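Participant: What would the 3D arrangement of this be:
(chains A, B and C)
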Amino acid sequence: MELTISIILGFMIIGAIYALHAKDLLSAVVAMGIVGYGLVICFLLLKAPDLAIVQIVVETITLVIMVAVVLDSTRDEIAVTFDRRSIINMVTGLIVFAALFYFFILAIGNLDPLGSHTLRMSESYVNGAVEKTGSVNLVTGVLFDFRAYDTLGEAVILYTAALGVLTLLRMKGKK
Amino acid sequence: MEGMSTIVKKVTQLMAGIIFMYGIYIILHGHLTPGGGFAGGAIVAGAFILLILAFGSSALNLKKEVSGTSNVESVAILIVLLLALMALLFGIKVFFFNYLPKGEPGELVSAGVIPLYNIFIGIEVAAAILTIFLALVIFKEESSK
Amino acid sequence: MTVYILCFVLFLVGLYGVITRRNLIKIAIALSIMEFSIFLMLVLIGYIDGGLAPIVDPDLAGQIYVDPLPQAMVLTAIVIGLATTSMLMAIAIRLYRKYKTFDIREIKNLRG
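Facilitator: This next block holds a predicted model:
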């Protein structure tokens, strides 16, 4: 299991690096699809079919929106130029990355190894949840009964984003 | 934006209804099988996006559509909030309490208010995604004139 | 452990993109990549070896199920990711109409 997911993650990293360095914006957007659809396969392997269904549809819609925006504007990537400032930025970035990586290595020492997770807080969400909520699908039970506030907040965020897009695109700009 | 070729239009006519029905199935069976309001709503929105892409925006009166979808979205999220508030009237007085009878686990009509939440969250997600997409399409149409 | 480290490498690739790229579309792509790595990390933490997908069969008792809590959290986060990405796209296309470029330095320099 760990090996399979590592291989898929390797492909996702290669796709991500290509997406950031592509000369053509359309191929960059398509290369982002490698990362998204690889994530779908990982979700299926990790026994999360709900997430796989949502992710595959959302990824497709995101790709449609991004391709529409890129085709509507320009496909050319801006040429990257090197000067003294960019070298200083690179060195700073490398130091920050190394520090982040060091603290991450420290942090995952406290995590359980993959596959031996012990249920702590969510034990009561699994044991006897069917009698409490009546829902056979435990994820739906958590979403709409135990943690319904999260779902309400999520729906409000989506509503706000739709209103924000309407405000941004339908108003008349300053000439 | 003009529509695509005749073959694409014919296939879209045949497929869009099936995709729409699959989305409805995912929403209604959200408490029994994988899926639920979020997944089903996104699939329903995908069916409409397929129709708009294949037939072009000239065939539809898009400006009326976008006000319609944003109204539907507002009403759906209001109904979700009202369903949650009704828990303060029935049962024990807790926000988001599951006050309807639970029924037999595994049946289609069971789990109290969860299927209702699923349905209205699905409508809200579908309308929100469709609003975003229609706003982008209208912006493109207006700026290309 | 290698899976966690690879997940973090994917996060760092996204962070690198956000810092170094000058194109608005590339920045949106890099943000999406960071989001994906965090989703995968959360789901990996909740995985249990030999566990079933969290759909209970009422006839069978004593089964092990994977943790449903991270999956529910990630489910909401995916839809929020769609909302933020489309919002970024709207801002990008709006800026392109005004400045005729996606370069964030030029957009910063042109005022009014």
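Participant: residues in contact with the helix or strand of chain A with the lowest mean pLDDT?
Facilitator: Within chain A, no helix or strand scores below helix A:129-133, which has a mean of 75 by mean pLDDT, DSSP states H and E. Helix A:129-133 has contacts (C-beta atoms under 8 Å, 6 or more residues apart in numbering or on different chains) with A:135-136, A:138, A:141-142, A:144-146, B:98, B:102, B:105, B:111-112, B:114, C:56, C:58. All C-beta atoms are positioned from the backbone trio N, CA, C, and that covers glycine.
Participant: Of all residues in the chain, which one is nearest the centre?
Facilitator: No chain in the question, so chain A it is. Compute the mean C-alpha point of chain A, and by C-alpha atoms, centre = their mean the closest residue is A:Gly36, 7.7 Å away.
Participant: not what I meant, chain C
Facilitator: The structure's chain C has its C-alpha centroid closest to C:Glu35; by C-alpha atoms, centre = their mean the separation is 1.7 Å.
Participant: Chain B versus the closest residue to C:Asp67 other than its chain neighbours, what's the distance?
Facilitator: Computed as C-beta to C-beta, 6 or more residues apart in numbering or on different chains, the closest residue to C:Asp67 that is not its neighbour in sequence is C:Gly46, at 3.5 Å. As judged by C-beta to the nearest C-beta, to the nearest Å, C:Gly46 and chain B stand 16 Å apart.
Participant: So which of the contacts of helix A:129-133 sit within helices?
Facilitator: A:Leu138, A:Gly141, B:Ile114 (DSSP state H).
Participant: Am I right that the second one is in contact with B:Gly112?
Facilitator: No: with contact defined as C-beta atoms under 8 Å, A:Gly141 and B:Gly112 do not form a contacting pair (10.7 Å).
Participant: of the two, who's got more company?
Facilitator: More crowded of A:Gly141 and B:Gly112, by other C-beta atoms under 10 Å in any protein chain shown: A:Gly141, with 27 against 21.
Participant: buried sites along the helix or strand hosting B:Thr69?
Facilitator: Element membership for B:Thr69, per DSSP states H and E: helix B:62-86. Residues of helix B:62-86 classed as buried: B:62, B:65-66, B:69-70, B:72-73, B:76-77, B:79-80, B:83-84 (neighbour count, 16 or more other C-beta atoms under 10 Å in any protein chain shown).
Participant: For chain B, what's the nearest residue on chain C?
Facilitator: C:Ser86 (4.6 Å; C-beta to the nearest C-beta).
Participant: Where does that residue sit: helix, strand or coil?
Facilitator: At C:Ser86 the chain is in helix, as set by DSSP: H, G, I helix; E, B strand; the rest coil.
Participant: pLDDT value on residue 9, please?
Facilitator: With no chain named, the answer covers chain A. Predicted confidence (pLDDT) for A:Leu9: 89.
Participant: try again with chain B
Facilitator: 87.
Participant: Wait, a helix at it?
Facilitator: Yes: under three-state DSSP, B:Lys9 sits within a helix.
Participant: what's around the closest residue to it other than its chain neighbours, how many residues?
Facilitator: The shortest distance from B:Lys9 to any non-neighbouring residue, by C-beta to C-beta, 6+ apart, is to B:Ala54 (5.6 Å). Using other C-beta under 10 Å, the number of residues around B:Ala54 comes to 19.
Participant: what's the distance between B:Ala54 and chain A?
Facilitator: The gap separating B:Ala54 from chain A is 12 Å, by C-beta to the nearest C-beta.
Participant: Taking chain B, what residue is nearest to chain C?
Facilitator: B:Ile132 (4.6 Å).
Participant: which of the residues in the helix or strand hosting that residue are buried?
Facilitator: According to DSSP H and E, B:Ile132 maps onto helix B:114-144. Buried residues in helix B:114-144, counting neighbours by 16+ other C-beta under 10 Å, are found at B:114-115, B:117-140.
Participant: cool, and stretch C:57-77?
Facilitator: Residues of stretch C:57-77 classed as buried: C:65-77 (neighbour count, 16+ other C-beta under 10 Å).
Participant: roughly how far out does it sit from the chain middle?
Facilitator: 22 Å (C-alpha atoms, centre = their mean, to the nearest Å).
Participant: where along chain A do the helices fall?
Facilitator: Going by DSSP H, chain A shows helices at A:2-21, A:25-45, A:49-72, A:84-108, A:123-126, A:129-133, A:138-141, A:148-170.
Participant: Could I have the CA atoms of the last one written out in CSV?
Facilitator: Taking only C-alpha atoms (Å, rounded to 0.1, in the frame of the first residue of the first chain), the coordinates of helix A:148-170 have been written out as CSV:
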residue,chain,number,x,y,z
ALA,A,148,-23.2,20.2,10.9
TYR,A,149,-21.8,23.6,11.7
ASP,A,150,-18.8,22.9,9.4
THR,A,151,-21.2,22.0,6.6
LEU,A,152,-23.2,25.2,7.2
GLY,A,153,-20.0,27.3,7.1
GLU,A,154,-18.9,25.5,3.9
ALA,A,155,-22.2,26.2,2.2
VAL,A,156,-22.0,29.9,3.3
ILE,A,157,-18.4,30.1,1.9
LEU,A,158,-19.6,28.7,-1.5
TYR,A,159,-22.5,31.1,-1.6
THR,A,160,-20.1,34.0,-0.8
ALA,A,161,-17.7,32.9,-3.5
ALA,A,162,-20.5,32.8,-6.1
LEU,A,163,-21.7,36.3,-5.0
GLY,A,164,-18.0,37.5,-5.2
VAL,A,165,-17.6,36.2,-8.7
LEU,A,166,-20.8,37.9,-9.8
THR,A,167,-19.7,41.1,-8.2
LEU,A,168,-16.3,40.9,-9.9
LEU,A,169,-17.4,40.0,-13.3
ARG,A,170,-20.8,41.8,-13.7
